[in-house]
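A.B. asks: generate coordinates for the sequence data below:
(one chain, ligands or ions: 1)
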Amino acid sequence: MEQISTGCVIAGGGPAGMMLGFLLARAGVDATVLEKHRDFLRDFRGDTVHPSTLQIMHELGLLEKFLRLPHTRITKGNLEIGERHFTIGDFTRLPTLCKFIALMPQWDFLDFLAGEAKTFPNFHLRMQTRADDLLIENGTVKGVSAMGPDGPLAIRAGLTVAADGRTSTLRERSGLAVHDLGAPFDVLWLRLPVLPGDPADLVGKIKGGQLFVMIHRMDYWQCAYLIPKGGFETIKTAGLAKFRDRLKQIAGFAAGRIDDAITDFDQVKLLTVTVDRLRQWARPGFLCIGDAAHAMSPIGGVGINLAIQDAVATANLLGPVLQKGVPDFADLKRVQARREFPTKVIQSFQVAAQNRILAPTLASTQTPEPPLFLKLLNDWPWLRQFPARFIGMGVRPEHVTLKKK
Ligand SMILES: Cc1cc2nc3c(=O)[nH]c(=O)nc-3n(C[C@H](O)[C@H](O)[C@H](O)COP(=O)(O)OP(=O)(O)OC[C@H]3O[C@@H](n4cnc5c(N)ncnc54)[C@H](O)[C@@H]3O)c2cc1C
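C.D. replies: Numbers count the residues shown, from 1 in each chain. Below is the predicted model of the structure:
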């Protein structure tokens, strides 16, 4: 078995793992990221790069180069309830450098981070390498066992980080207890063609018990159709024609494109929504961050940004310790102390939205009456900066303090 030794081993090359690997390597810490897939390709995953993440890219001196990658910009969030239109968020008033959400395929974002990280000699990215278990000695995690393209590996490290997403193998192996907050809905993702003259902003639609979100992606619309939890089999049993009819009722200006665009259920991807968080994010030698510590609902599209914020906080708090040696348990607990509050606030908002708005809407055939706060946002454009600030910047935004070496 191949034996490797590194300062920090990170399982998972998603937004959390790649950003942490980048920041640690930039500060001179030997960092090894394991990614089980051969590439970063993943369709219909979070593709929203929020103002808080763009601010981090600026602090790293990468913003200009990053924004040269193809992307679309969202400056406003819109909601249609029945025939009524509401503008519910305005990013142009945010106190950040970038007053917009950049929509970019997640693989472009991760490829970019990987490319920049590889310029540091102590950054090691091992693709097609799956972390399988923790190496534990006297109750302290000392690294991971993994399966790489050439066979099994043992990777010893002063710190082991689980950034392997919401189905994290390592968090399961660690025995850390998960608090499941529940999610009453799943998401069906599909694509519809874009035509000249289409609006370019984010549109959410609520009508007759249906919820539909359309995200403009330059050459196509990325669409999310929300269904009650576990409801996809029932939809498939009812048949494609009925499904198309349901979509046509809610797709508004794009209804006429459904028949040609959706010809098979294979074009519809189910994403099972989970909202949970660990009660304790660490044990000696081991830390969970990103979705591995707290799986986020897609509401608000904040998962990537929370994952990035966790990575920045982890690098700020543990980077200086890793530069000199091995962090102890008390050091690791400081990450949870820093990041748990923002996570809880955002998850509380997501759970409230899903239980008070999404679930009752999906259970009904009626179009709901718009709540008062939507009417206020519509009538007072100045107020729209607050929801935009909550979603775009989050709570307690992180800044990079770990210095480049
Ligand atoms: C339906 C849906 C829509 C979403 N939409 C958005 C959105 O629009 N915007 C947004 O910001 N967020 C969105 N999210 C959430 C977002 O995708 C996640 O919160 C975010 O990607 C978390 O980043 P992460 O790095 O923690 O984990 P992940 O992105 O899940 O990355 C984990 C990585 O670890 C790898 N991995 C897994 N197991 C192992 C292993 N054992 N060994 C090695 N590698 C492993 C995986 O291949 C993956 O690359 C959405 C989520 C869902 C479910």
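
A.B. asks: burial of residue 362, as a residue count?
C.D. replies: By other CB atoms under 10 Å, 19 other residues sit near residue 362. C-beta: built from backbone N, CA, C; applies to glycine.

A.B. asks: from what I can see it touches residue 229, true?
C.D. replies: No. Residue 362 is beyond contact range of residue 229, at 9.3 Å (criterion: CB atoms under 8 Å).

A.B. asks: residues shared between the contacts of those two?
C.D. replies: Common contacts of residue 362 and residue 229 (CB atoms under 8 Å, 6 or more residues apart in numbering): 184, 185.

A.B. asks: what is the rounded mean pLDDT of the longest helix along the chain?
C.D. replies: The longest helix of the chain (DSSP state H) is helix 329-353. Mean per-residue pLDDT for helix 329-353: 96.

A.B. asks: quick one: is that helix near the ligand?
C.D. replies: No. Using CB under 6 Å from any ligand atom, helix 329-353 never reaches the ligand; the gap is at least 10.7 Å.

A.B. asks: packing partners of that helix?
C.D. replies: Identification of packing neighbours for helix 329-353 by 3 or more CB pairs under 8 Å, 6 or more residues apart in numbering; DSSP states H and E yields strand 276-278, strand 282-283, strand 286-288, helix 303-324.

A.B. asks: how far off centre is it?
C.D. replies: From the chain centre to the centre of helix 329-353 is a distance of 15 Å (CA atoms, centre = their mean, to the nearest Å).

A.B. asks: residues of that helix that come out buried?
C.D. replies: Of all the residues in helix 329-353, those buried under the rule 16 or more other CB atoms under 10 Å are 331-336, 338-340, 342-343, 346-347, 349-351.

A.B. asks: now swap in stretch 179-190 and tell me
C.D. replies: For stretch 179-190, a neighbour-count test (16+ other CB under 10 Å) marks 181, 183, 184, 185, 186, 187, 188, 189, 190 as buried.

A.B. asks: quick one: the last one and residue 214 touch, right?
C.D. replies: Right, residue 190. No. In this structure residue 190 lies outside contact range of residue 214 using CB under 8 Å: 10.4 Å.

A.B. asks: excluding sequence neighbours, find me the nearest residue to the residue in the stretch 101-250 of the chain that the ligand sits nearest to.
C.D. replies: Closest approach of the stretch 101-250 of the chain to the ligand (CB to the nearest ligand atom) occurs at residue 165, with a separation of 2.7 Å. Once flanking residues are discounted, residue 165 sits nearest to residue 291: 4.7 Å by CB to CB, 6 or more residues apart in numbering.

A.B. asks: could you give the number of residues near the one you found?
C.D. replies: 29.

A.B. asks: got the contact list for it?
C.D. replies: Contact analysis of residue 291 by CB under 8 Å, 6+ apart lists 14, 16, 165, 166, 168, 303, 307.

A.B. asks: highest neighbour count among the residues you listed?
C.D. replies: residue 16 (31 neighbours).
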